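> Show me the folded form of this:
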Amino acid sequence: MRTFEELYDIAHARHGDALTEKIGNSPDQAPLLEIPEDRWLSMFTRMVFCAGFNWKVIDAKWEGFEAAFYGFDVGRCAFMDDEWLDELLRDTRIVRYGAKIQAVRDNAVFLMDLREQGGAGQVIGGWPATDFIGLLALMKAKGNRLGGTTGQYGLRLLGKDSFILSKDVVARLVAEGVIEKTPTSKKALRATQDAFNEWMEQSGKSLTYVSRVAALSV
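Numbering: from 1, shown residues only. I've put the predicted structure just below:
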């Protein structure tokens with residue numbers, strides 16, 4: 001496996017002086033503690049509905065989503081009953097996809113459960129980057145449709161230090177002999193995490209930074 005310095009050199013050869021701007025700044029973890037529960041649910045819902053849809057369609061309807069789900073009030077969404085579900089299935093302000101609408105309820109329950117451990121900001125914000133796969137496993141097991149890149153993009157947009165297994169990142173990991181394809185098994189995900197941990201240790205950079213360099217090296 002190439003060192004992080006070698007990956008960076010490859011990325012720099014491809015992008016030149018624009019590389020620094022493309023990598024951007026690493027997220028500050030502190031603000032995660034200040035994100036209200038409804039904004040966690042809003043972002044998770046947005047990513048769930050964007051999966052498999054044109055993002056522009058969801059963006060155009062998002063004000064309607066916020067209104068239809070009452071600002072993503074976690075308590076209210078967690079207790080969504082069949083009557084409200086039926087109303088949402090007829091609500092033209094949103095994309096009327098039954099399974100994804102039910103995911104809003106399930107993910108609200110997930111966020112409520114995290115209150116026992118201090119809340120989403122405390123649990124997710126405090127989760128170590130060196131065990132990011134552990135956080136993804138939690139979200140897959142306890143949330144609904146938050147596995148895979150859906151959860152990864154949501155966490156990145158919320159400011160969580162993270163990797164995203166995009167097509168380019170997977171291609172780099174395959175080229176380095178870390179995995180053979182998009183990792184889904186525990187063994188492959190463990191190998192992925194180990195590779196990122198090694199690159200973080202070598203560079204002293206965040207998981208987000210390393211992930212972006214990996215993507216830009218392809």
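
> ok, for the spatially most central residue of the chain, nearest residue in space, not its chain neighbours?
Within the chain, the residue whose C-alpha comes closest to the C-alpha centroid is Gln152; the distance, by Cα atoms, centre = their mean, is 2.2 Å. Taking Cβ to Cβ, 6 or more residues apart in numbering as the measure, Gln152 lies nearest to Ile164, with 4.6 Å between them; neighbours along the chain are not counted. For glycine as for every other residue, the C-beta is placed from the backbone atoms N, C-alpha and C.

> gap between Gly148 and Arg212?
When distance is defined by Cβ to Cβ, to the nearest Å, Gly148 is 19 Å away from Arg212.

> Let's test this: what are the backbone torsions at the residue nearest to Gln152?
Note on Ile164: its backbone torsions stand at phi -120, psi 120 [degrees, to the nearest 10].

> That one: neighbour count?
Other residues within reach of Ile164, judged by other Cβ atoms under 10 Å, total 18.

> which residues sit in contact with it?
Applying Cβ atoms under 8 Å, 6 or more residues apart in numbering to Ile164 gives the contacts 149, 152-153, 156, 211, 215.

> who's more crowded, Gly148 and Arg212?
For Gly148 versus Arg212, neighbours defined as other Cβ under 10 Å are more numerous around Arg212 (24 against 15).

> and that one, what element?
With the criterion set as DSSP states H and E, the secondary-structure element containing Arg212 is helix 207-216.

> Quick one: classify Phe163 as helix, strand or coil.
Using DSSP: H, G, I helix; E, B strand; the rest coil, the three-state assignment for Phe163 comes out as coil.

> Run a quick neighbour tally on it.
The burial count assigned to Phe163 is 25, neighbours taken as other Cβ under 10 Å.

> repeat for the one 5 residues further on
A count of nearby residues for Asp168, using other Cβ under 10 Å, gives 16.

> Report pLDDT for the residue nearest to Gln152.
Each residue has a pLDDT score; the one for Ile164 is 98.

> do the same with Ala30
Each residue has a pLDDT score; the one for Ala30 is 67.

> Going along the chain, name the helices of this structure.
4-15, 19-23, 37-50, 55-68, 74-78, 82-89, 98-114, 120-126, 132-142, 148-158, 167-175, 186-203, 207-216 (DSSP state H).

> Just put the ones you listed in TSV and tack on distance to Pro31.
As requested, those are arranged in TSV below (distance: least, Cβ to Cβ, whole Å):
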stretch	distance to Pro31
helix 4-15	27
helix 19-23	20
helix 37-50	11
helix 55-68	21
helix 74-78	19
helix 82-89	31
helix 98-114	17
helix 120-126	8
helix 132-142	17
helix 148-158	9
helix 167-175	25
helix 186-203	21
helix 207-216	14
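
> can you put those in JSON lines and add mean pLDDT?
JSON lines is the format used below for the helices of the chain (pLDDT from 0 to 100):
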{"stretch": "helix 4-15", "mean pLDDT": "98"}
{"stretch": "helix 19-23", "mean pLDDT": "96"}
{"stretch": "helix 37-50", "mean pLDDT": "98"}
{"stretch": "helix 55-68", "mean pLDDT": "97"}
{"stretch": "helix 74-78", "mean pLDDT": "98"}
{"stretch": "helix 82-89", "mean pLDDT": "98"}
{"stretch": "helix 98-114", "mean pLDDT": "98"}
{"stretch": "helix 120-126", "mean pLDDT": "95"}
{"stretch": "helix 132-142", "mean pLDDT": "98"}
{"stretch": "helix 148-158", "mean pLDDT": "96"}
{"stretch": "helix 167-175", "mean pLDDT": "98"}
{"stretch": "helix 186-203", "mean pLDDT": "98"}
{"stretch": "helix 207-216", "mean pLDDT": "98"}
